[in-house]
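Visitor: Sequence unavailable; structure follows:
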């Protein structure tokens, strides 16, 4: 029996070739004026090439905004979107633009920001002309204009929905309609109405306190959204119209998650109004307006898989138009089951398609798919911090026009020493290029430090990274030899050698006397510890080790020399760690430098005021960092390259390890 996820579906006047869609994600790839340039084009074209049937470009603004987002506010931008539409159509992939308007006066804030920019430019000219006094005055004016702009922005993010005049709302509605008309002229297939942001604020009983025809009852609060839909349909009558319906969900403790949008009962009623207004498809998603992207796109272990499906099911039962679901639908199997159960009609794979853009094509060929970890480190963190989006497991994101796996000019025998993530990726890429690859691993299993990373609370999903290589490497005929350390004589029988032997928990740099000290790595491997545990080092490993010990019932103290713990942790994960530490009573000592350890007592100094601190513990856990492993290469006479943790003075994170392995193997 064929897979339902590969079956075509009729949506409005469109036929989508399968049920796999790329939902709206802010990528950061667009040009400075919001147009679609080479980077965006390459990214979206790669998705189409991989078999996706429907791509939605996220957060397309119909007005010029200072926010880094795609924009279609001027006719001069139409050709770039036309080029994108043509590129996707070549693969029978339909294109939608998600139109939105921020919940603030874009023009008012923009004028202040532009004025600040003008003043800075004038200040630079004055400085270049030798007029320091004038330059200083202009710089001061520029700083004031910038402060005024952001003060206005902060205020309006809270109050614009209540204070926007009917004239302003009308202008915004018309700008959205004009944008839809431009999209139609560009050959775009569909418009997705962004039901969050301004529209979600207008719909929300939590954010909308208006007393006019746009406030109060459900009918009034949703009136503006319906008007926007009708304006789009009038301006672009040939386009399919989708609506992203944000749902305010309920957390396990009874609190509400999200503010913009509608709670479930009202959302179902609104879905019926949307269908009546002519909306062709409804995408059910989590509502935003919380200040943390993790509430909308949650990291691993935070919420169940398919976590918004309960709302999508209710909406689908209430309407006759297709319904799309998004939210931690990680695998094709999960999406297939949802479709087979009749709980939704389309599956949105956002982060998953960053990880593997070939989900549809590989499903059709029954090939192994690289699955998303939901770690949020390369994607959601990037959205929140205004950086290019990427996936830690995919070295090609954002560089699809310049980076791809190349067929080997000459087939080589390649030895890779070490089957951590860097070595595994190198083996995959080298084998896909056509090289004959042997992968040596001294342990009984592959994966290296990933097994340590999977031990703390909420982290087990990271093992999907290893599972992928366990599946894919045999299909590429990689000769895997575990429990094996090759010597120089054996390695010299190959044409090229890649060393990926990783790192180890470094030794404590301070004097230690008569104390029970264990490494964080040993703890995460299951070493027995007792009593109160003091974790030295509040980086990622130390923080997660502290969580691991606290979950096992230990009283935990964490000691960090910097001013905060987990400085490199995902912004969407950090609130979960903070909550976990609070629940378990973990004690934090930041700005604390340890000098020596004697008789299980830590002697330290508070770096901000030089006060002395003593901390007593039954077990002291060394999490001060890692150091690269050394592999003796003096007898190796063939070309030898080091990758991953062992390749430099600083050890690598998973993204750097993957990219190190990918590029080295691709350059053989």
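Guide: Happy to help now that I have it. Fair warning: this is a prediction, and the values are worked out from it, not measured in the lab.

Visitor: When you work out contacts or count neighbours from here on, use the C-alpha atoms and nothing else.
Guide: Fine.

Visitor: Please enumerate the strands of the stretch 251-400 of the chain.
Guide: 256-257, 262-263, 281-286, 323-325, 346-348 (DSSP state E, counting those that start in this stretch).

Visitor: would you list those in CSV and tack on mean neighbour count, mean pLDDT and distance to residue 370?
Guide: Converted to CSV, the strands of the stretch 251-400 of the chain look like this (neighbours: other Cα atoms under 10 Å; pLDDT from 0 to 100; distance: least, Cα to Cα, whole Å):
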stretch, mean neighbour count, mean pLDDT, distance to residue 370
strand 256-257, 16, 92, 30
strand 262-263, 26, 96, 35
strand 281-286, 27, 97, 24
strand 323-325, 28, 98, 21
strand 346-348, 26, 98, 16
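
Visitor: Make JSON lines from the ones you listed and add distance to residue 17 to it.
Guide: Shown next, in JSON lines, are those (distance: least, Cα to Cα, whole Å):
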{"stretch": "strand 256-257", "distance to residue 17": "34"}
{"stretch": "strand 262-263", "distance to residue 17": "31"}
{"stretch": "strand 281-286", "distance to residue 17": "16"}
{"stretch": "strand 323-325", "distance to residue 17": "15"}
{"stretch": "strand 346-348", "distance to residue 17": "11"}
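
Visitor: which one of the ones you listed lies closest to residue 248?
Guide: strand 262-263 (4.7 Å; Cα to Cα).

Visitor: which residues touch the closest one?
Guide: If you take Cα atoms under 8 Å, 6 or more residues apart in numbering as the criterion, strand 262-263 is touched by 200, 203, 204, 205, 246, 247, 248, 249, 287.

Visitor: Excluding sequence neighbours, find me the nearest residue to the fifth one.
Guide: In space, residue 246 comes closest to residue 287 once its chain neighbours are excluded; the distance is 4.3 Å by Cα to Cα, 6 or more residues apart in numbering.

Visitor: Buried residues in the lengthiest strand in the chain, which are they?
Guide: With residue count as the measure and DSSP state E as the assignment, the chain has strand 240-250 as its longest strand. By neighbour count on 16 or more other Cα atoms under 10 Å, the buried set for strand 240-250 is 240, 241, 242, 243, 244, 245, 246, 247, 248, 249.

Visitor: Enumerate every residue touching the residue lying closest to the fifth one once chain neighbours are set aside.
Guide: Computed as Cα to Cα, 6+ apart, the closest residue to residue 244 that is not its neighbour in sequence is residue 283, at 4.7 Å. Contact criterion Cα under 8 Å, 6+ apart gives 242, 243, 244, 245, 312, 323, 324, 325, 326 as the residues in contact with residue 283.

Visitor: what about 7 Å?
Guide: Residues counted as contacts of residue 283 (Cα atoms under 7 Å, 6 or more residues apart in numbering) are 243, 244, 245, 323, 324, 325.

Visitor: Which residue is the nearest non-sequential neighbour of the third one?
Guide: By the measure of Cα to Cα, 6+ apart, the closest residue to residue 245 outside its immediate chain neighbours is residue 284, 4.9 Å from it.

Visitor: pLDDT wise, what is the residue most central in space within the chain at?
Guide: For the chain, the residue nearest the mean C-alpha position is residue 379 (2.0 Å; Cα atoms, centre = their mean). In this model, residue 379 is scored at 90, pLDDT.

Visitor: same thing with residue 290?
Guide: Reported pLDDT for residue 290: 57.

Visitor: chain center to the longest strand of the chain, what's the gap?
Guide: With Cα atoms, centre = their mean, to the nearest Å as the basis, strand 240-250 stands 20 Å off its chain's centre.

Visitor: Give me the residues contacting that strand.
Guide: 12-14, 189-196, 256-259, 261-264, 267, 279-287.

Visitor: what do you get for stretch 338-350?
Guide: Residues contacting stretch 338-350 (Cα under 7 Å, 6+ apart): 4-5, 19-23, 312-313, 316, 322-326, 329, 335.

Visitor: 6 Å instead?
Guide: 19, 20, 21, 22, 23, 313, 322, 323, 324, 325, 326 (Cα atoms under 6 Å, 6 or more residues apart in numbering).

Visitor: Could you report the neighbour count for the third one?
Guide: Think residue 21. 27 (other Cα atoms under 10 Å).

Visitor: Using the three-state scheme, assign it.
Guide: Assigned with DSSP: H, G, I helix; E, B strand; the rest coil, residue 21 falls in the strand class.

Visitor: Now do the contacts for it.
Guide: Contacts of residue 21 by Cα under 6 Å, 6+ apart are 52, 53, 54, 55, 348.

Visitor: For it, name its beta-bridge partners.
Guide: residue 54, residue 348 (DSSP bridges).

Visitor: Would you mind confirming that the residue nearest to the centre of the chain makes contact with residue 390?
Guide: Yes. With contact defined as Cα atoms under 6 Å, residue 379 and residue 390 form a contacting pair (5.1 Å).

Visitor: how many neighbours does residue 553 have?
Guide: 12.

Visitor: pLDDT weak spots in the stretch 501-650 of the chain?
Guide: 649 (pLDDT under 70).

Visitor: mind listing the helices in it by residue range?
Guide: 520-524, 540-551, 574-584 (DSSP state H, counting those that start in this stretch).

Visitor: Let me know which of these is tucked in deepest.
Guide: helix 540-551 (a mean of 24; mean count of other Cα atoms under 10 Å).

Visitor: can you list contacts of that helix?
Guide: 456, 566, 623.

Visitor: just those now: which is nearest residue 141?
Guide: residue 566 (37.7 Å).

Visitor: Now for the residue lying closest to the closest one once chain neighbours are set aside, how many residues are close by?
Guide: Excluding its sequence neighbours, the residue lying closest to residue 566 (Cα to Cα, 6+ apart) is residue 539, at 4.6 Å. Counted by other Cα under 10 Å, the residues lying close to residue 539 total 22.

Visitor: Thanks a lot, catch you later.
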